[in-house]
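In: this one's sequence-less:
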């Protein structure tokens, strides 16, 4: 995905309709993705039904499509239903798998493996128990970057589960790896921040 080649920082802003804020009924998630190079992408949850959104909530399966300003699909993020060991697959516009993000079982800290298309682990995402809004991106050489849930304003925090996330890398990575890390942002949002009742600690299996 060439748009990510020159960006080491990404801001993901979730957009929520007022209908959800005042009724409590889940609408499909939509996001604006702003890249460091000034480009803007749009991500939208598609093909999830009313019952799935309102009864399975953050556990629901989904497909998320990421498109450019000309509405050309650039990435697809797919998630199947699971009670535990949550997982997403990231593919390019032609359906070629770029990698996966898989939640590991832990009692306290939140851990994810970020894998490439050949199922080799590239990074670990580590969310310390007492820093519920932070996920460190690490590999065998140390820190690579961080995914952080950012403050999105008093009204948004109080009335909806709309969130802002920042993805910041300490060094440049191949675009395919950045794409999988971008997919991780959406999985983290669903698993740890989707419900207003959640405290973000991720005690969900």
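Out: Thanks, I have it. Note that this is a predicted model, so its numbers are computed, not measured. Residues are numbered from 1 along each chain as shown.

In: make it CA atoms for all contacts and neighbour counts henceforth
Out: Will do.

In: got the residue ranges for the helices in this protein?
Out: 18-23, 50-51, 154-159, 175-193 (DSSP state H).

In: Please tell me I have it right and residue 61 contacts residue 80.
Out: Yes - counting by Cα atoms under 8 Å, residue 80 is a contact partner of residue 61 at 4.6 Å.

In: which of these two has more neighbours?
Out: residue 61 (20 against 13; other Cα atoms under 10 Å).

In: All the strands of the chain, in order from the start?
Out: 9-15, 30-35, 40-46, 62-67, 73-79, 87-92, 97-104, 110-116, 121-127, 134-139, 142-150, 164-169 (DSSP state E).

In: gap between residue 164 and residue 91?
Out: 23 Å (Cα to Cα, to the nearest Å).

In: no wait, residue 6
Out: For residue 6 relative to residue 91 (Cα to Cα), the value is 20 Å.

In: Give me the more crowded residue out of the two.
Out: Between residue 6 and residue 91, residue 91 has the larger neighbour count (other Cα under 10 Å), namely 23 against 14.

In: hey, what's the more buried one bridged with?
Out: Residue 91 has the following beta-bridge partners by DSSP bridges: residue 76, residue 97.

In: Please apply the same query to residue 35.
Out: Residues in beta-bridge contact with residue 35 (DSSP bridges): residue 10.

In: residues contacting residue 128?
Out: Each residue near residue 128 by Cα atoms under 8 Å, 6 or more residues apart in numbering is listed here: 109-110, 134-135.

In: Let's have these in CSV, adding distance to residue 122.
Out: As requested, these are exported to CSV (distance: Cα to Cα, whole Å):
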residue, distance to residue 122
109, 19
110, 17
134, 19
135, 15
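
In: closest to residue 65 among these?
Out: residue 135 (23.2 Å; Cα to Cα).

In: who are the neighbours in contact with the nearest residue to that closest one once chain neighbours are set aside?
Out: Leaving out its chain neighbours, the residue that sits closest to residue 135 by Cα to Cα, 6 or more residues apart in numbering is residue 127, at 4.3 Å. Contacts for residue 127 (Cα under 8 Å, 6+ apart) come out as 109-111, 133-136.

In: want to try TSV for the residues you listed, with pLDDT as columns?
Out: Formatted as TSV, these follow (pLDDT from 0 to 100):
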residue	pLDDT
109	81
110	91
111	95
133	90
134	94
135	96
136	97
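
In: Next, work out how far apart the nearest residue to residue 110 once chain neighbours are set aside and residue 189 are.
Out: Counting by Cα to Cα, 6+ apart, residue 110 lies nearest to residue 127, which is 4.7 Å off, once chain neighbours are set aside. For residue 127, the distance to residue 189 (Cα to Cα) stands at 13 Å.

In: Over to residue 90?
Out: As for residue 90, its distance to residue 189 is 15 Å (criterion: Cα to Cα).

In: Between those two, tell me which one has more neighbours.
Out: residue 90 (29 against 20).

In: Quick check: the more buried one vs residue 183, distance?
Out: Taking Cα to Cα, one finds residue 90 at 6 Å from residue 183.
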